[in-house]
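Chemist: What follows is a predicted structure for the sequence shown.
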There are 2 protein chains.
Amino acid sequence: MKSINARCALGIFALALSGAAVAAEIKPADQIQIRQAGYSFMSWNMGKIKANLDGTFDAKQVTAAANTIAAIANSGMGALFGPGTDKDIGDVHTNVKPEFFQNMPEVGKLAGNFVAAADNLAKVAATGDAAAVGTAFGDVGKSCKACHDKFRAKN
Amino acid sequence: MKSINARCALGIFALALSGAAVAAEIKPADQIQIRQAGYSFMSWNMGKIKANLDGTFDAKQVTAAANTIAAIANSGMGALFGPGTDKDIGDVHTNVKPEFFQNMPEVGKLAGNFVAAADNLAKVAATGDAAAVGTAFGDVGKSCKACHDKFRAKN
């Protein structure tokens, strides 16, 4: 973590939630890997919530997972889609279609929908209402899928 | 993300914040990759906070980053250190020393210190006080380092 920290800390001046991606000093290959890390970690937490909905509902675990998804969604990942990140770099592969980078207004809208759904899931999870979590979880899944269907090379 | 979701969703019954790791149906190689994703994503957010402390302080960005670190810290990553994750698996490499898995009480204590420091950073970030963020950020860094120094093969 130390080496990655040092790399990241070289300088990031501004981060947008979506749309205009300001990635400053983070190398494109690192941007791809960090954004993939964010998606993987959200995915793990989505999986935990699903397992809770399908099995025994542990409100504390669901809340922690929902808070993690919402926090990552709000962390400014738009900055990780900077110039040069629209294609594979060496052995770093990206599944983002080139069209993503040519349709930033639409991407911004989809990203906004995702952030709103994630925020709502975190809010609902805090109530401990399993049925409401199920609905909010489904909405997050739909908002993920809306972007994947359009802009993800492999689903 | 869909495929990873599906994998994760196969079944996770219980997740501990630290210490006893219940990893259920997530394959050891996936556990290693998901925990690395979590650390990478936290590292990116640590880098953003550092850049804010070294340059222009954007309280909103710092808060988002601190919230992300705290949420990931509280997400139950202990579950990602299950049996079989103490060594490389195929081309999936882990930097965690074997001693980590033989000293769970100490690991639990270090993890608890990290979670407390991350929670405090998020709390302080919400105040917008840059100097206080600097101190809280340093404390998080120390809590990372305390574990890395003991249990991380490469620093």
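Modeler: Sure, I can see it.

Chemist: And residue A:150, which helix or strand is it part of?
Modeler: Using DSSP states H and E, residue A:150 sits within helix A:130-151.

Chemist: so what secondary structure elements neighbour the longest helix seen in chain A?
Modeler: Ranked by residue count and defined by DSSP state H, the top helix of chain A is helix A:28-54. Secondary-structure packing of helix A:28-54 (3 or more Cβ pairs under 8 Å, 6 or more residues apart in numbering or on different chains; DSSP states H and E): helix A:2-8, helix A:59-73, helix A:130-151, helix B:2-8, helix B:28-54. For every residue, glycine as well, the C-beta is placed using N, CA and C.

Chemist: what mean pLDDT does the fourth one have?
Modeler: Spelled out, that is helix B:2-8. Per-residue pLDDT over helix B:2-8 has a mean of 33.

Chemist: Return the residues in contact with residue A:52.
Modeler: Applying Cβ atoms under 8 Å, 6 or more residues apart in numbering or on different chains, we find residue A:52 in contact with A:58, A:61, A:62, A:65, A:130, A:133.

Chemist: How about residue A:142?
Modeler: Here residue A:142 is in contact with residue A:117 (Cβ under 8 Å, 6+ apart).

Chemist: ok, 10 Å please
Modeler: A:113, A:114, A:117 (Cβ atoms under 10 Å, 6 or more residues apart in numbering or on different chains).

Chemist: could those residues go into TSV alongside neighbour count?
Modeler: Output for the contacts of residue A:142, formatted as TSV (neighbours: other Cβ atoms under 10 Å in any protein chain shown):
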residue	neighbour count
A:113	17
A:114	22
A:117	23
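
Chemist: Which member of the residues you listed is positioned nearest residue B:100?
Modeler: Nearest to residue B:100 out of these is residue A:114 (Cβ to Cβ; 34.9 Å).

Chemist: Check what pLDDT residue A:25 gets.
Modeler: Residue A:25 is given a pLDDT of 85.

Chemist: Over to residue A:31?
Modeler: 98.

Chemist: ok, now the one 4 residues further on?
Modeler: Here the pLDDT value assigned to residue A:35 is 98.

Chemist: Around the nearest residue to it once chain neighbours are set aside, count how many other residues there are.
Modeler: Nearest non-adjacent residue to residue A:35, counting by Cβ to Cβ, 6 or more residues apart in numbering or on different chains: residue A:80, 3.8 Å away. Residue A:80 has 24 neighbouring residues, counting by other Cβ atoms under 10 Å in any protein chain shown.

Chemist: which residues does residue A:80 contact?
Modeler: A:15, A:21, A:23, A:26, A:28, A:30-39, B:44.

Chemist: do that again at 6 Å, thanks
Modeler: The contact partners of residue A:80, by Cβ atoms under 6 Å, 6 or more residues apart in numbering or on different chains, come to A:31, A:34, A:35.

Chemist: correct me, but the second one touches residue B:44?
Modeler: Yes. Taking contacts as Cβ atoms under 6 Å, residue A:34 lies within contact range of residue B:44: 4.8 Å.

Chemist: the more surrounded of those two?
Modeler: Neighbour count, other Cβ under 10 Å: between residue A:34 and residue B:44, residue B:44 has more, with 31 against 24.

Chemist: Would you agree that one is in contact with residue A:35?
Modeler: No. The pair residue B:44 / residue A:35 is not scored as a contact, 9.2 Å apart, by Cβ under 6 Å.

Chemist: To residue B:97, which of the helices and strands packed on helix A:28-54 lies closest?
Modeler: Comparing these by Cβ to Cβ, helix B:28-54 comes nearest, at 13.6 Å.

Chemist: what separates the closest one from the chain centre, distance-wise?
Modeler: 7 Å (Cα atoms, centre = their mean, to the nearest Å).

Chemist: where's residue A:49 relative to residue A:132, distance?
Modeler: Distance of residue A:49 to residue A:132, computed by Cβ to Cβ, to the nearest Å: 12 Å.

Chemist: between those two, who's got more neighbours?
Modeler: The neighbour comparison of residue A:49 against residue A:132 (other Cβ under 10 Å) goes to residue A:49, with 28 against 15.
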